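1. the amino acid sequence is not available; the structure is as follows:
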């Protein structure tokens with residue numbers, strides 16, 4: 001992406017915490033199983049990734065924002081978080097599912113299909 005994505009993560013967690021709260025219902029639809037490998041695409045500060053991990057799934061979180069990933073690593077050091085562009089990435093390992101909450105609307109390319 002050509003645009004700069006800078007987030008104030010403390011403000012995000014305080015003022016936009018409803019985003020993660022609403023996303024918890026999507027985790028139920030995902031229905032992760034113990035031992036499954038799941039990518040949280042556009043993980044933000046990691047709140048939903050940690051909720052997924054509570055099911056026993058192996059979660060990794062990716063976000064374009066270095067600020068979001070820094071905050072996620074600080075909050076949840078047990079989860080593998082990394083900076084990456086959801087419109088153009090490769091993983092070193094296969095995943096069983098990709099989870100994304102409130103992130104796809106930021107992506108402009110049609111090559112996601």
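-> Happy to help now that I have it. Note that the structure is a prediction, hence the values are computed from the model and not measured.

2. now the element after the helix or strand hosting residue 69, going C-ward?
-> Taking DSSP states H and E as the definition, residue 69 sits inside helix 66-75. Sequence order places strand 80-83 as the next helix or strand after helix 66-75, per DSSP H and E.

3. which residues of this structure score low on pLDDT?
-> Under the criterion pLDDT under 70, the flagged ranges of the chain are 1-24, 102-113.

4. so which residues of it form strands?
-> 37-41, 58-63, 80-83, 97-99 (DSSP state E).

5. can you redo those as CSV with mean neighbour count and distance to residue 51?
-> The C-beta positions use only the backbone N, C-alpha and C, and glycine is treated the same way. Formatted as CSV, the strands of the chain follow (neighbours: other C-beta atoms under 10 Å; distance: least, C-beta to C-beta, whole Å):
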stretch, mean neighbour count, distance to residue 51
strand 37-41, 23, 10
strand 58-63, 24, 9
strand 80-83, 17, 14
strand 97-99, 17, 10
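
6. and those: which comes nearest residue 74?
-> Nearest of the strands of the chain to residue 74, taken as C-beta to C-beta: strand 80-83 at 9.7 Å.

7. quick one: strands adjacent to the closest one?
-> Sheet pairing of strand 80-83 (DSSP bridges) gives strand 58-63 (parallel).

8. relative to strand 37-41, how tilted is the strand it pairs with?
-> Counting by axes from the mean of the first three to the mean of the last three C-alpha atoms, to 10 degrees, strand 58-63 lies at 20 degrees to strand 37-41.

9. what's the angle from strand 58-63 to helix 66-75?
-> 150 degrees.

10. what sits up against strand 58-63?
-> Strand 58-63 is touched from outside by 35-44, 46, 49-50, 52-53, 69, 72, 79-84, 86, 89, 95, with contacts defined as C-beta atoms under 8 Å, 6 or more residues apart in numbering.
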